[in-house]
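Peer 1: this one's sequence-less:
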């Protein structure tokens, strides 16, 4: 893995954004932005699966610690970290994954990027909100939270991606 310092900063920034900004934003019960998943989405494509799983699990543990959510974030984040490399191979293609780099619309194409990010964030949202609800009794309520929070999270992750990519581009020049 390259650019360890930049990814450490990204880890800390998304953790702080989640804990101090998005957890304290109460727009609606249906909108819970989970912006910290941007770290897993933006990891370089050639990152070894073991490193992705380890860092994703650490991120989930850190978010759970600060939020007091008893492992919900850890389970959801560890799962998307686990499936990430396989998902990249299916959606993006093994050739582009082998070439590496940050998954972005410019690098892998807009359609592939949005598909990859939407699936990863959607799976995370499904696990997170089903584990939070712990019942199927209010399934429509939970489904609304999954769709709305997942959509907002997808847009926020892209925004974080734009900021992170611009930082890397400026550093290379």
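Peer 2: Okay, I see it. Keep in mind that what you see is a predicted model, and the values were worked out from it rather than measured.

Peer 1: How about the secondary structure of the closest residue to residue 100 other than its chain neighbours?
Peer 2: Excluding its sequence neighbours, the residue lying closest to residue 100 (Cβ to Cβ, 6 or more residues apart in numbering) is residue 46, at 3.7 Å. Yep, even glycine has a C-beta here, placed from its N, CA and C like the rest. At residue 46 the chain is in coil, as set by DSSP: H, G, I helix; E, B strand; the rest coil.

Peer 1: Report how many residues lie close to residue 46.
Peer 2: Residues lying near residue 46 (other Cβ atoms under 10 Å) number 14.

Peer 1: Let me know the pLDDT of it.
Peer 2: pLDDT, residue 46: 90.

Peer 1: again with residue 3
Peer 2: For residue 3, the model assigns a pLDDT of 79.

Peer 1: what's next to the helix or strand of the chain with the lowest mean pLDDT, contact-wise?
Peer 2: Every helix and strand in the chain was compared by mean pLDDT, DSSP states H and E; the lowest is helix 94-99, with a mean of 82. Defining contact as Cβ atoms under 8 Å, 6 or more residues apart in numbering, one finds that helix 94-99 is touched by 45-46, 85, 88-89, 107-108.

Peer 1: hmm, 7 Å instead?
Peer 2: For helix 94-99, the surrounding residues in contact (Cβ atoms under 7 Å, 6 or more residues apart in numbering) are 45-46, 88-89, 108.

Peer 1: same question, stretch 155-165
Peer 2: Contacting residues not belonging to stretch 155-165 are listed as 10, 14, 33, 35, 37-38, 41-42, 102, 104, 117, 121 [Cβ under 7 Å, 6+ apart].
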